[in-house]
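Colleague: Below are the sequence and a predicted model; questions follow.
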Amino acid sequence: MKLNTRIQLSVMMFLEFFVWGAWFVTLGTFLAKNLNATGLETASVFSTQSYGAIIAPFIVGLIADKYFNAERILGVLHLLGAFLMYQMYNAESVSVFYPYVFGYMVGYMPTLALVNSVSFRQMNNPEKEFSSIRVWGTIGWIVAGLTISYVFKWDSEANIGAGMLKNTFAMAGIASLLLGLFSFTLPKTPPVKDKNQKDSIGSILGLEAISLLKSKNFLIFFISSILICIPLAFYYQNAHPFLEQTGLENPTGKMTIGQISEAAFILLLPVFFSKFGFKKTIMVGMLAWAVRYTLFAYGNADTLSFMLLLGIALHGICYDFFFVSGQIYTDAQAGEKYKSAAQGLVTLATYGVGMLIGFWVAGFISDYYKANPVENIWRMIWLIPAGIAVVVWLLFMALFRDSKKEAAPGSIKHAA
């Protein structure tokens, strides 16, 4: 790959995830403090990510793969996103905010696939080249969080009270505008879809891989993936408000520890696959969710602040050891014919259905304890998803059986 192309793709990835990290991490706190949102209203806003994940395959499968260059669609979607971010910045109520964030997520979620498409098409050896490009996305997310906490300090108690947190949407909008314009300078990535191949809703959503569910092991994994997304949603929806209300200084910046951890632990996956196999590796990921939420439940921003920081740092194990391992397992089980369809099916189930359920459960639990106060509301809010994670862990341990067809360590290349 030419150096100029490598730089272009790295900048693209940096901005792609800078945009997301610039507003999504602090969204829960913004909704509660700036827009006085209830738990279910907050769940409704966060659920737009799931709706976007469900709708995204149609945009990528029916438009990007067939009619227009990927980099051009990427540019248009981010320019539209910049406008919607400006509208979110100006919104003064949840009812006004919601349609703009819904439109934004429907436009943003497809870009996650588009940046990968643009990248892969420029590579001769994606297995070796992609990780060094994708890591700039993680760096972009980290820089966004550090900028909020340590440069502008928008997440300090005083600035949140002054309504400064809405500036995150302005920052994200500016970055989206830059990426939108920059996208038109990216290497041309025209569609390569076979004109004789007919599109169907089933193929676009990955439903062609539904036959994989005939395997008991894959069915157990599939159901577990949906269920584990319920506690995952609690983290996205409640972690920042919890850390801010607990009194942890610079919560947005400290939450970037999770992304640093994610980048580090993915390097350990081949070791775990080689030594322990798929089942034990994925069980570690499941159990880590329970441990993380228990640490949140009993930690504080004073003498036990290390428990909060350790809970944040567990993000790498929580995400990589379950979701990335799951992607590898799915790839190995699907076979050549259904590889893409299987990944689409699992993504639809997790980020679509699973997290949609999770956001609403988290919102209901938050509202319930606000209406029925207990001595430590946050402790109860965190112990519930911890319990769910333990139940999923026990079910998976009891029902999933090791198989000779499990992903081999070499399959780690597909995690990118």
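Modeller: Perfect, I can see it now.
Colleague: switch to C-alpha atoms for all contacts and neighbour counts from now on
Modeller: Will do.
Colleague: now the helix or strand encompassing residue 257: mean pLDDT?
Modeller: According to DSSP states H and E, residue 257 maps onto helix 251-265. Averaged across helix 251-265, the pLDDT comes to 92.
Colleague: swap in stretch 180-194?
Modeller: 87.
Colleague: list the buried ones in that stretch?
Modeller: 180, 181, 182, 183, 184, 186, 187, 189, 190 (16 or more other CA atoms under 10 Å).
Colleague: Output the residues you listed as JSON lines; include the columns secondary structure and distance to residue 270.
Modeller: Formatted as JSON lines, the buried residues of stretch 180-194 follow (DSSP: H, G, I helix; E, B strand; the rest coil; distance: CA to CA, whole Å):
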{"residue": "180", "secondary structure": "helix", "distance to residue 270": "36"}
{"residue": "181", "secondary structure": "helix", "distance to residue 270": "38"}
{"residue": "182", "secondary structure": "helix", "distance to residue 270": "36"}
{"residue": "183", "secondary structure": "helix", "distance to residue 270": "34"}
{"residue": "184", "secondary structure": "coil", "distance to residue 270": "37"}
{"residue": "186", "secondary structure": "coil", "distance to residue 270": "33"}
{"residue": "187", "secondary structure": "coil", "distance to residue 270": "32"}
{"residue": "189", "secondary structure": "coil", "distance to residue 270": "32"}
{"residue": "190", "secondary structure": "coil", "distance to residue 270": "34"}
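Colleague: Relative to residue 166, how far out is the residue nearest in space to the middle of the chain?
Modeller: The centre of the chain sits closest to residue 351, judged by CA atoms, centre = their mean, with a distance of 7.7 Å. According to CA to CA, to the nearest Å, residue 351 stands 26 Å off from residue 166.
Colleague: do residue 352 as well
Modeller: Taken as CA to CA, the span from residue 352 to residue 166 is 27 Å.
Colleague: swap in residue 274?
Modeller: 46 Å.
Colleague: okay, the two: which has more neighbours?
Modeller: Neighbour count, other CA atoms under 10 Å: between residue 274 and residue 166, residue 166 has more, with 21 against 14.
Colleague: Tell me where the stretch 1-150 of the chain has helices.
Modeller: 3-21, 27-33, 39-59, 70-90, 94-121, 126-146 (DSSP state H, counting those that start in this stretch).
Colleague: so the longest one versus helix 39-59, what angle?
Modeller: Angular relation of helix 94-121 and helix 39-59 on a 0 to 180 degree scale: 40 degrees, by axes from the mean of the first three to the mean of the last three CA atoms, to 10 degrees.
Colleague: where does the stretch 1-150 of the chain dip in pLDDT?
Modeller: Judged against pLDDT under 70, the low-scoring parts of the stretch 1-150 of the chain cover residues 60-62, 64-65, 127.
Colleague: switch the cut-off to 80
Modeller: 1, 57-67, 126-128, 131 (pLDDT under 80).
Colleague: returning to what we had before: how about the helices of the stretch 1-150 of the chain, which one is nearest residue 392?
Modeller: helix 39-59 (21.0 Å; CA to CA).
Colleague: Which elements pack onto the closest one?
Modeller: helix 27-33, helix 94-121, helix 201-205, helix 216-246, helix 355-371 (3 or more CA pairs under 8 Å, 6 or more residues apart in numbering; DSSP states H and E).
Colleague: Next, the buried residues of the fourth one.
Modeller: Translated: helix 216-246. 217-218, 220-244, 246.
Colleague: Please apply the same query to the second one.
Modeller: For helix 94-121, the neighbour count (16+ other CA under 10 Å) marks 94, 97-98, 100-111, 113-120 as buried.
Colleague: tell me the angle of that helix relative to helix 3-21?
Modeller: Using the same axes, to 10 degrees: helix 94-121 against helix 3-21 is 160 degrees.
Colleague: From the chain's centroid, how far away is helix 94-121?
Modeller: 12 Å (CA atoms, centre = their mean, to the nearest Å).
Colleague: burial measure for the nearest residue to residue 142 once chain neighbours are set aside, as a count.
Modeller: Excluding its sequence neighbours, the residue lying closest to residue 142 (CA to CA, 6 or more residues apart in numbering) is residue 256, at 5.2 Å. Neighbour count for residue 256, taken as other CA under 10 Å: 24.
Colleague: Appreciated, that's everything.
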